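In: 3D, please:
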Amino acid sequence: MRVETRRGAVLVEGYVCATARDSGPIGCGKRAFVEQIAPGAFAAALERNPSPALMACHRDMVPAERMELREDSIGLYAAALVTCPEVRARAEKGLLRGWSFGFIAMRERTERRPKGPPRRIVEEMELLEISIIDERSVPAYSGTSIKAEVRALAEAAPPPVLKCGGCGRGAPGEEWQRRLEKLKGDGK
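Out: Now for the predicted structure:
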(Lines give C-alpha, C1' and ligand atoms only; values in the text may rest on other atoms or scores of the structure.)
Protein backbone atom coordinates (compact mmCIF):
# COMPACT_ATOMS: atom_id res chain seq x y z
CA MET A 1 0.00 0.00 0.00
CA ARG A 2 1.29 3.45 -0.87
CA VAL A 3 0.33 6.49 1.20
CA GLU A 4 1.09 10.03 0.07
CA THR A 5 -0.23 13.35 1.36
CA ARG A 6 -1.07 16.05 -1.15
CA ARG A 7 -3.08 19.27 -1.10
CA GLY A 8 -4.68 18.56 2.25
CA ALA A 9 -5.69 15.02 1.29
CA VAL A 10 -4.10 11.58 1.45
CA LEU A 11 -3.66 9.31 -1.56
CA VAL A 12 -3.91 5.70 -0.37
CA GLU A 13 -3.43 3.00 -2.97
CA GLY A 14 -2.54 -0.65 -3.27
CA TYR A 15 -4.04 -4.11 -3.13
CA VAL A 16 -6.86 -4.70 -0.68
CA CYS A 17 -6.70 -8.48 -1.22
CA ALA A 18 -4.87 -10.85 -3.54
CA THR A 19 -7.26 -13.46 -4.92
CA ALA A 20 -6.61 -17.21 -4.68
CA ARG A 21 -4.28 -16.73 -1.68
CA ASP A 22 -4.92 -17.85 1.86
CA SER A 23 -5.70 -15.35 4.58
CA GLY A 24 -4.17 -15.73 8.00
CA PRO A 25 -6.10 -17.95 10.40
CA ILE A 26 -9.58 -16.63 11.17
CA GLY A 27 -11.24 -17.75 14.39
CA CYS A 28 -9.64 -20.09 16.89
CA GLY A 29 -9.69 -23.69 18.01
CA LYS A 30 -11.92 -26.11 16.11
CA ARG A 31 -13.73 -23.21 14.43
CA ALA A 32 -10.58 -21.76 12.85
CA PHE A 33 -10.28 -21.58 9.07
CA VAL A 34 -8.33 -19.80 6.36
CA GLU A 35 -10.08 -17.97 3.59
CA GLN A 36 -9.54 -17.26 -0.09
CA ILE A 37 -11.44 -15.00 -2.42
CA ALA A 38 -11.91 -16.68 -5.80
CA PRO A 39 -10.69 -14.83 -8.90
CA GLY A 40 -13.59 -12.87 -10.40
CA ALA A 41 -15.52 -12.56 -7.11
CA PHE A 42 -14.49 -8.92 -6.59
CA ALA A 43 -15.19 -7.98 -10.22
CA ALA A 44 -18.71 -9.45 -10.02
CA ALA A 45 -19.33 -7.75 -6.67
CA LEU A 46 -18.22 -4.39 -8.10
CA GLU A 47 -20.62 -4.82 -11.03
CA ARG A 48 -23.48 -5.14 -8.53
CA ASN A 49 -22.17 -2.39 -6.21
CA PRO A 50 -19.57 -0.17 -7.89
CA SER A 51 -19.28 2.14 -4.85
CA PRO A 52 -18.85 0.24 -1.58
CA ALA A 53 -18.36 2.43 1.48
CA LEU A 54 -14.87 3.62 2.37
CA MET A 55 -14.29 3.26 6.10
CA ALA A 56 -11.67 3.52 8.82
CA CYS A 57 -11.11 0.25 10.68
CA HIS A 58 -14.60 -1.03 9.71
CA ARG A 59 -16.15 1.60 12.02
CA ASP A 60 -16.27 5.12 10.63
CA MET A 61 -17.23 6.40 7.19
CA VAL A 62 -14.38 8.19 5.42
CA PRO A 63 -15.04 10.85 2.77
CA ALA A 64 -12.97 10.58 -0.39
CA GLU A 65 -12.56 13.03 -3.24
CA ARG A 66 -12.36 10.01 -5.53
CA MET A 67 -12.01 6.25 -5.23
CA GLU A 68 -11.06 3.66 -7.84
CA LEU A 69 -11.67 -0.05 -7.29
CA ARG A 70 -10.94 -2.82 -9.75
CA GLU A 71 -10.06 -6.49 -9.82
CA ASP A 72 -7.08 -7.47 -11.97
CA SER A 73 -4.95 -10.61 -12.25
CA ILE A 74 -3.53 -10.00 -8.74
CA GLY A 75 -6.69 -9.12 -6.83
CA LEU A 76 -8.69 -6.12 -5.65
CA TYR A 77 -6.82 -2.85 -6.26
CA ALA A 78 -7.92 0.38 -4.60
CA ALA A 79 -6.86 4.01 -4.89
CA ALA A 80 -8.58 6.67 -2.81
CA LEU A 81 -7.93 10.36 -2.39
CA VAL A 82 -9.10 10.74 1.22
CA THR A 83 -10.06 14.16 2.55
CA CYS A 84 -10.52 13.19 6.20
CA PRO A 85 -8.06 15.18 8.37
CA GLU A 86 -7.88 12.39 10.96
CA VAL A 87 -6.79 9.82 8.35
CA ARG A 88 -4.23 12.27 6.97
CA ALA A 89 -2.81 12.87 10.44
CA ARG A 90 -2.45 9.10 11.00
CA ALA A 91 -0.76 8.75 7.59
CA GLU A 92 1.74 11.52 8.38
CA LYS A 93 2.75 9.64 11.56
CA GLY A 94 3.18 6.40 9.59
CA LEU A 95 0.38 4.65 11.47
CA LEU A 96 -1.61 3.25 8.54
CA ARG A 97 -1.08 -0.49 8.25
CA GLY A 98 -3.11 -1.77 5.31
CA TRP A 99 -6.53 -2.50 3.92
CA SER A 100 -9.42 -4.72 4.88
CA PHE A 101 -12.89 -5.28 3.48
CA GLY A 102 -16.34 -6.18 4.72
CA PHE A 103 -18.59 -8.51 2.76
CA ILE A 104 -21.39 -11.02 2.88
CA ALA A 105 -20.58 -14.37 1.27
CA MET A 106 -23.31 -15.30 -1.19
CA ARG A 107 -21.70 -18.49 -2.50
CA GLU A 108 -18.81 -20.36 -0.92
CA ARG A 109 -17.30 -23.79 -0.55
CA THR A 110 -15.03 -25.42 2.00
CA GLU A 111 -11.94 -27.52 1.30
CA ARG A 112 -10.54 -29.86 3.90
CA ARG A 113 -6.76 -29.83 4.01
CA PRO A 114 -4.41 -32.56 5.24
CA LYS A 115 -2.69 -30.07 7.55
CA GLY A 116 -4.08 -26.95 9.09
CA PRO A 117 -7.60 -25.59 9.33
CA PRO A 118 -10.12 -25.92 6.49
CA ARG A 119 -10.08 -23.41 3.65
CA ARG A 120 -13.21 -21.39 2.90
CA ILE A 121 -13.31 -20.20 -0.71
CA VAL A 122 -15.65 -17.27 -1.33
CA GLU A 123 -16.91 -17.53 -4.92
CA GLU A 124 -19.55 -14.80 -4.84
CA MET A 125 -20.04 -11.92 -2.41
CA GLU A 126 -21.76 -8.66 -1.67
CA LEU A 127 -18.90 -6.18 -1.11
CA LEU A 128 -20.10 -3.77 1.58
CA GLU A 129 -17.03 -1.72 2.41
CA ILE A 130 -13.31 -1.19 2.04
CA SER A 131 -11.44 -0.15 5.20
CA ILE A 132 -8.19 1.67 5.80
CA ILE A 133 -6.55 -0.05 8.78
CA ASP A 134 -4.22 1.59 11.30
CA GLU A 135 -1.71 0.19 13.80
CA ARG A 136 -4.39 -1.01 16.22
CA SER A 137 -5.69 -3.66 13.81
CA VAL A 138 -4.21 -6.58 11.88
CA PRO A 139 -5.60 -7.26 8.38
CA ALA A 140 -6.58 -10.90 7.81
CA TYR A 141 -4.81 -10.86 4.43
CA SER A 142 -1.07 -10.23 4.72
CA GLY A 143 -0.72 -8.82 1.18
CA THR A 144 -2.22 -5.52 2.36
CA SER A 145 0.84 -4.26 4.23
CA ILE A 146 1.89 -0.63 3.82
CA LYS A 147 4.93 0.93 2.30
CA ALA A 148 4.44 4.50 3.44
CA GLU A 149 5.67 7.31 1.24
CA VAL A 150 4.32 10.23 3.21
CA ARG A 151 5.15 13.84 2.42
CA ALA A 152 4.00 15.46 5.65
CA LEU A 153 2.57 18.96 5.81
CA ALA A 154 3.07 21.19 8.87
CA GLU A 155 -0.23 20.85 10.72
CA ALA A 156 -1.61 20.17 14.19
CA ALA A 157 -0.67 16.96 16.04
CA PRO A 158 -2.74 13.91 15.02
CA PRO A 159 -5.52 12.63 17.21
CA PRO A 160 -4.84 9.49 19.26
CA VAL A 161 -7.25 7.28 17.29
CA LEU A 162 -8.35 6.92 13.68
CA LYS A 163 -11.90 8.27 13.66
CA CYS A 164 -13.80 10.42 11.24
CA GLY A 165 -16.52 11.67 13.55
CA GLY A 166 -16.26 15.21 12.22
CA CYS A 167 -16.42 14.22 8.58
CA GLY A 168 -18.35 10.93 8.71
CA ARG A 169 -21.46 10.27 6.62
CA GLY A 170 -23.41 8.01 8.95
CA ALA A 171 -22.94 5.00 11.14
CA PRO A 172 -21.45 1.89 9.53
CA GLY A 173 -24.12 -0.26 11.13
CA GLU A 174 -26.77 1.58 9.15
CA GLU A 175 -24.92 0.94 5.86
CA TRP A 176 -24.46 -2.77 6.60
CA GLN A 177 -28.10 -3.10 7.67
CA ARG A 178 -29.34 -1.34 4.51
CA ARG A 179 -27.33 -3.66 2.25
CA LEU A 180 -28.31 -6.76 4.21
CA GLU A 181 -32.00 -5.80 3.92
CA LYS A 182 -31.54 -5.24 0.19
CA LEU A 183 -30.08 -8.76 -0.18
CA LYS A 184 -32.93 -10.29 1.81
CA GLY A 185 -35.47 -8.39 -0.29
CA ASP A 186 -33.96 -9.74 -3.49
CA GLY A 187 -34.38 -13.28 -2.19
CA LYS A 188 -30.66 -14.01 -2.45
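In: how about this structure, which residue sits the furthest from its center?
Out: Centroid-distance maximum for the chain: residue 114 at 30.4 Å, with C-alpha atoms, centre = their mean.
In: least trustworthy helix or strand in this protein by mean pLDDT?
Out: Ranking every helix and strand in the chain by mean pLDDT, DSSP states H and E puts strand 147-148 at the bottom, with a mean of 34.
In: next, the buried residues of stretch 24-43.
Out: Buried residues in stretch 24-43, defined by neighbour count with 16 or more other C-beta atoms under 10 Å: 33-39, 41-42. Glycine gets a C-beta too; all of them are placed from N, C-alpha and C.
In: strands - which of those residues land there?
Out: The strands, defined by DSSP state E, take in 34-37 from the buried residues of stretch 24-43.
In: among those, which one lies nearest to residue 83?
Out: The nearest member of these to residue 83, counting by C-beta to C-beta, is residue 37 at 28.7 Å.
In: quickly list what that closest one is bridged to.
Out: When bridges are called by DSSP bridges, residue 37 pairs up with residue 122.
In: what residues are up against it?
Out: Listed by C-beta atoms under 8 Å, 6 or more residues apart in numbering, the contact set of residue 37 reads 17, 19-20, 75-76, 121-122, 125.
In: top of these by neighbour count?
Out: When neighbours are taken as other C-beta atoms under 10 Å, the top entry among these is residue 17 (27 neighbours).
In: quick check: that residue touching residue 102?
Out: No - with contacts defined as C-beta atoms under 8 Å, residue 17 does not count as touching residue 102, sitting 11.7 Å away.
In: tell me what residue 100 is bridged to.
Out: residue 131.
In: I'd say it and residue 128 touch.
Out: No - counting by C-beta under 8 Å, residue 100 does not reach residue 128; the two are 11.5 Å apart.
In: need the overlap of contacts for these two.
Out: Shared contacts of residue 100 and residue 128 (C-beta under 8 Å, 6+ apart): none.
In: how far does stretch 92-99 stretch from start to finish?
Out: Stretch 92-99 has an end-to-end distance of 17 Å (criterion: C-alpha to C-alpha, to the nearest Å).
In: list the buried ones in it?
Out: 92, 95-99.
In: pLDDT below threshold where in this protein?
Out: Residues of the chain meeting the criterion pLDDT under 70: 138-188.
In: strands along that one, start to end?
Out: Along the chain, counting by DSSP E, strands occupy 2-6, 9-18, 34-37, 53-56, 60-61, 64-71, 75-82, 96-111, 119-134, 147-148.
In: residue 88: which of those strands is closest?
Out: Nearest of the strands of the chain to residue 88, taken as C-beta to C-beta: strand 9-18 at 4.6 Å.
In: how far off centre is the closest one?
Out: Computed by C-alpha atoms, centre = their mean, to the nearest Å, the chain-centroid distance of strand 9-18 equals 9 Å.
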